[in-house]
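Enquirer: Let's see this in three dimensions:
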Amino acid sequence: MANRKRGYYTTKLGGKNRTMHFSMNFWANFTDLMGVSLEGVGKIFEGGLSLKAIRALIYSALLAQDQEQGVEPDYNEFTVGSWLEDLEAELLNDIINAMLESRILGNELNMGIERNVKRTTKNEGK
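Expert: Predicted structure coming up:
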């Protein structure tokens, strides 16, 4: 279940339905975990995601939702990593798409991550 424009994505992880929120709090958590500035986030996504980045992405989104709701997390980044062993590639793609379609990324704050490649039919320099 997703409300992608608002940055929410819910799926079963760790034996129960959990909601991820790709919010400003998510980006704060994610940049802290990855040790990069907001401007450096685009480099993380160049050439595909590392396992560390996938784990940090999902953990940060779960944590943001729980922090915003005042819920004490029953997991840490390593727990999330063990849950991800059973995650199907298609589900991971859905989660990443929810992040890319979130309202924050829908505005100007896309961290250099290209979502829509634009092609031109103009002959450049000819």
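Enquirer: and whichever helix in the chain runs longest, what other elements does it pack with?
Expert: Counting by DSSP state H, the longest helix found in the chain is helix 51-69. Helix 51-69 is packed against strand 8-13, strand 16-21, helix 24-34, helix 77-83, helix 89-100, with contacts defined by 3 or more Cβ pairs under 8 Å, 6 or more residues apart in numbering; DSSP states H and E. C-beta here means a position set from N, CA and C on the backbone, and glycine is covered the same way.
Enquirer: can I get those in a markdown table with distance to Leu63?
Expert: Converted to a markdown table, the helices and strands packed on helix 51-69 look like this (distance: least, Cβ to Cβ, whole Å):
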| stretch | distance to Leu63 |
| --- | --- |
| strand 8-13 | 12 |
| strand 16-21 | 9 |
| helix 24-34 | 5 |
| helix 77-83 | 9 |
| helix 89-100 | 14 |
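Enquirer: Relative to Glu46, which of those is closest?
Expert: Glu46 lies closest to helix 24-34 among the helices and strands packed on helix 51-69, at 13.1 Å (Cβ to Cβ).
Enquirer: Would you mind listing the buried residues in the closest one?
Expert: Of the residues in helix 24-34, Asn25, Phe26, Trp27, Asn29, Phe30, Thr31, Leu33, Met34 count as buried by neighbour count, 16 or more other Cβ atoms under 10 Å.
Enquirer: Repeat that for stretch 68-82.
Expert: Buried, per 16+ other Cβ under 10 Å, within stretch 68-82: Tyr75, Glu77, Val80, Gly81.
Enquirer: pretty sure the first one is touching Leu62, no?
Expert: Yes: contact status for Tyr75 versus Leu62: in contact at 7.1 Å, counting by Cβ atoms under 8 Å.
Enquirer: Quick one: the helices and strands packed on helix 51-69 as TSV, columns for distance to Glu46 and mean pLDDT too.
Expert: Formatted as TSV, these follow (distance: least, Cβ to Cβ, whole Å; pLDDT from 0 to 100):
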stretch	distance to Glu46	mean pLDDT
strand 8-13	23	92
strand 16-21	23	95
helix 24-34	13	94
helix 77-83	22	96
helix 89-100	14	86
